[in-house]
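[1] need a structure here:
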Amino acid sequence: MPPLNSIGVLLRDGAQPYPLDRLKALFDRVGARVHMLDHGRPAEPLDLVIAMGGDGTVLRALDEYPGHPVLAINYGTVGFLTSGDRSELESILTQVLAGKYVLSERLILRCDYGGKTAHAVNEVLIRTTLRMIQVEVHVNEAPIRTIRGDGVIVGTPTGSTGYLLSTGAPLVMPDVHCFILDGINEYNFSSRALILAPDSDIRLHLPALEPEQEAHLIVDGKFLVTLEAGADIRLSRSDRRAQLIFLDRNYFFHNLASRLGWQ
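    Below you'll find the predicted structure:
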């Protein structure tokens with residue numbers, strides 16, 4: 001990573017106090033300029049983005065500043081993607097400024113729909129709001145199966161600690177390049193999550209909808225569009241990569257232990 005001369009700071013919200021004066025003073029000592037990203041995109045390139053919030057703030061930083069390393073400090077509730085909690089802020093920043101960190105590169109999912117493209121760090125969902133729907137799953141143009149339930153989810157290893165966690169899908173180390181496909185409240189007791197190779201081309205087809213049914217396309221928790229019958233959603237590996245900063249190589253297991261109460 002290049003020298004940290006220009007730092008962007010993205011806040012979760014203004015509802016809680018942030019030690020911005022101490023943060024700026026710390027970077028002033030090393031000659032780094034700090035830009036508050038809620039005030040608009042800075043004119044100069046950024047060397048680092050600091051996301052102060054929960055996983056939602058981290059996803060926002062990765063989406064709005066693609067290609068930038070992101071250091072996440074937990075000001076939320078869960079924080080699987082964060083390097084540490086707010087009480088450790090100055091210690092974390094001191095280590096990062098000293099070059100004592102690990103840069104984790106993450107797979108990103110590309111979603112093509114209706115002539116538009118979105119990118120997902122965690123997952124893409126087709127989800128109903130009322131009645132059970134059917135979604136046909138094709139991989140590399142081969143029909144795999146039809147999912148009947150509340151919808152379907154396709155996620156990345158990063159997303160295995162997100163929405164996928166609630167479906168009972170496996171936890172996957174971020175270093176493993178794959179996609180995870182699962183049904184949402186599927187009406188089939190033999191259903192299982194499917195692990196797919198990262199170069200897979202996935203097509204989700206919505207064959208029909210009854211008059212009272214709705215199906216929504218959601219990417220990383222953000223509603224994109226209400227789908228019509230006959231819609232095709234195509235998913236593939238994105239050219240983008242998410243870059244997250246952690247302090248040691250065992251960060252993934254430390255976060256699992258602390259967030260899931262394994263210790």
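[2] going forward, measure contacts between C-alpha atoms and count neighbours the same way
    Fine.
[3] Spatially nearest residue to N140 (excluding sequence neighbours)?
    For N140, ignoring the flanking residues on the chain, the nearest one in space by C-alpha to C-alpha, 6 or more residues apart in numbering is D201 at 5.0 Å.
[4] Looks like the one you found contacts L235 (just checking).
    Yes - under the criterion of C-alpha atoms under 8 Å, D201 makes contact with L235 at 6.0 Å.
[5] Now stretch 235-252: average pLDDT?
    Confidence over stretch 235-252, taken as the mean pLDDT, stands at 94.
[6] coming back round to it: contacting residues around the residue nearest to N140?
    Listed by C-alpha atoms under 8 Å, 6 or more residues apart in numbering, the contact set of D201 reads V139, N140, E141, R234, L235, S236, R237.
[7] Pull out the buried members of those residues.
    Of the members of these, the ones counted as buried by neighbours, 16 or more other C-alpha atoms under 10 Å, are V139, R234, L235, S236, R237.
[8] Contact partners for the nearest residue to the second one once chain neighbours are set aside?
    What that stands for is R234. Leaving aside its chain neighbours, R234 sits nearest to R203 (4.5 Å; criterion: C-alpha to C-alpha, 6+ apart). When contacts are counted by C-alpha under 8 Å, 6+ apart, R203 is found next to V137, H138, V139, N140, E141, D232, I233, R234, L235.
[9] Recalculate using a threshold of 10 Å.
    Contacts for R203 (C-alpha atoms under 10 Å, 6 or more residues apart in numbering) come out as 111-112, 135-143, 232-236.
[10] which one among these gets closest to I195?
    V139 (11.4 Å; C-alpha to C-alpha).
[11] So the closest one sits against L194, correct?
    No - contact criterion C-alpha atoms under 10 Å: V139 and L194 do not qualify, at 11.0 Å.
[12] what bridges to I202?
    Note on I202: beta-bridge partners V139, L235, judged by DSSP bridges.
[13] Thank you, goodbye.
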